[in-house]
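Asker: this one's sequence-less:
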């Protein structure tokens with residue numbers, strides 16, 4: 001719930017955010033994990049269905 005609230009406060013669509021983050025999380029490099037935080041997140045257009 002905290003991730004959804006943070007996503008809502010930082011602007012992105014919470015469903016799009018969660019879907020993208022949960023898809024990217026298993027392959028995200030450890031040193032780039034901060035890119036998945038709501039305030040840093042940008043939708044990866046290449047993976048969008």
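Answerer: Yes, it's here. Just so it is clear, the structure is predicted and the values come from calculations on it, not from any experiment. Numbers count the residues shown, from 1 in each chain.

Asker: Residue 28 against residue 37, yeah?
Answerer: No - in this structure, residue 28 is not within contact of residue 37 by C-beta atoms under 8 Å, at 11.3 Å. In this view, the C-beta of every residue, glycine as well, is placed from N, C-alpha and C.

Asker: Find me the pLDDT at residue 23, would you?
Answerer: Per-residue pLDDT puts residue 23 at 92.

Asker: Can you get me a residue count around it?
Answerer: Neighbours of residue 23 under the rule other C-beta atoms under 10 Å: 14.

Asker: now swap in residue 41 and tell me
Answerer: Neighbour tally, residue 41, other C-beta under 10 Å: 20.

Asker: do the same with residue 30
Answerer: Neighbour tally, residue 30, other C-beta under 10 Å: 5.

Asker: after the strand or helix carrying residue 4, next one along is what?
Answerer: Here residue 4 sits within helix 2-10, counting by DSSP states H and E. Once helix 2-10 ends, the next helix or strand along the chain (criterion: DSSP H and E) is helix 14-24.

Asker: who does that following helix touch, helix- and strand-wise?
Answerer: The contact analysis (3 or more C-beta pairs under 8 Å, 6 or more residues apart in numbering; DSSP states H and E) places helix 14-24 against helix 2-10.

Asker: So which bits of the helix it packs on are buried?
Answerer: Neighbour counts over helix 2-10 (16 or more other C-beta atoms under 10 Å) mark 6-7 as buried.
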